[in-house]
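A.B. asks: Provided below for reference: sequence and predicted model.
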Amino acid sequence: MRIVMLGSGRGSNAEAILNAQRAGGLGRARVAAIFSDVPTAGILALGPRFGVPSAFVDPAPFRTKLEGDGERRFVDAVSGAAPDLVVLAGFMRVLKPGFLGAFAGRIINLHPSLLPLFPGLDAIGQALRAGASVTGCTVHYVTAEVDGGPVLGQAAVPIAPGETHDSLAAKVHAAEHVLLPSVIARMSEERPPG
């Protein structure tokens, strides 16, 4: 199963996937390419470290979404890597119908809450403000509804009394680094060959 990863930041979840691949823990999945909408993103440095092609793709003209020429450039770049699965690993843009349609049923995302609770931005802050005793992370299919696609896997994280945003974020990220590679490995084994 060929994977293309998209990210905008440091790439810690992408690194967890690549480490799992190196350790033989990614099932029949293999990362084929990494693309970022930020030319200085840390995720791009993972490519040379792990022997995976990585490249910046110009997302212009919009700052928070993929649309127009930027969307076409991303569709072309991702299509060129012939993915069976597109993994959003901290990709901070809203996907629009052109991209969603090009890879329908093949895009997954990782969200830092137990969806459907706390969708959208700052899910960790939302959980703290709500006084929740547990939160976690969710891997789900990407649809037009933000954080609304079918759930593929979840991991719960308890919220301790006096938990800070930073301490809870560290616990959620640790859970993400286990959950995302395990979901990808399971998907690769469930997918029929060819």
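C.D. replies: On my side now, so go ahead.
A.B. asks: Quickly find the element holding Gly25.
C.D. replies: When secondary structure is defined by DSSP states H and E, Gly25 falls outside every helix and strand.
A.B. asks: What's the local residue count around it?
C.D. replies: 14 (other Cβ atoms under 10 Å). All C-beta atoms are positioned from the backbone trio N, CA, C, and that covers glycine.
A.B. asks: Please apply the same query to Pro112.
C.D. replies: The burial count assigned to Pro112 is 23, neighbours taken as other Cβ under 10 Å.
A.B. asks: same deal with the one 3 residues further on?
C.D. replies: The number of residues packed around Leu115, counting by other Cβ under 10 Å, is 20.
A.B. asks: if I look at the closest residue to it other than its chain neighbours, how far off is Glu189?
C.D. replies: Closest residue in space to Leu115, ignoring its immediate chain neighbours: Thr138 at 4.3 Å, by Cβ to Cβ, 6 or more residues apart in numbering. Separation of Thr138 from Glu189 (Cβ to Cβ, to the nearest Å): 20 Å.
A.B. asks: Neighbour count: those two, which is higher?
C.D. replies: Between Thr138 and Glu189, Thr138 has the larger neighbour count (other Cβ under 10 Å), namely 26 against 11.
A.B. asks: Show the average pLDDT along the helix or strand hosting that one.
C.D. replies: Take DSSP H and E as the rule and Thr138 turns out to sit in strand 134-141. What strand 134-141 shows for mean pLDDT is 98.
A.B. asks: Quick check: buried residues in that strand?
C.D. replies: Using 16 or more other Cβ atoms under 10 Å as the burial criterion, the residues of strand 134-141 that qualify are 135-140.
A.B. asks: Please apply the same query to stretch 159-168.
C.D. replies: Within stretch 159-168, the residues that qualify as buried by neighbour count (16+ other Cβ under 10 Å) are 159, 163, 168.
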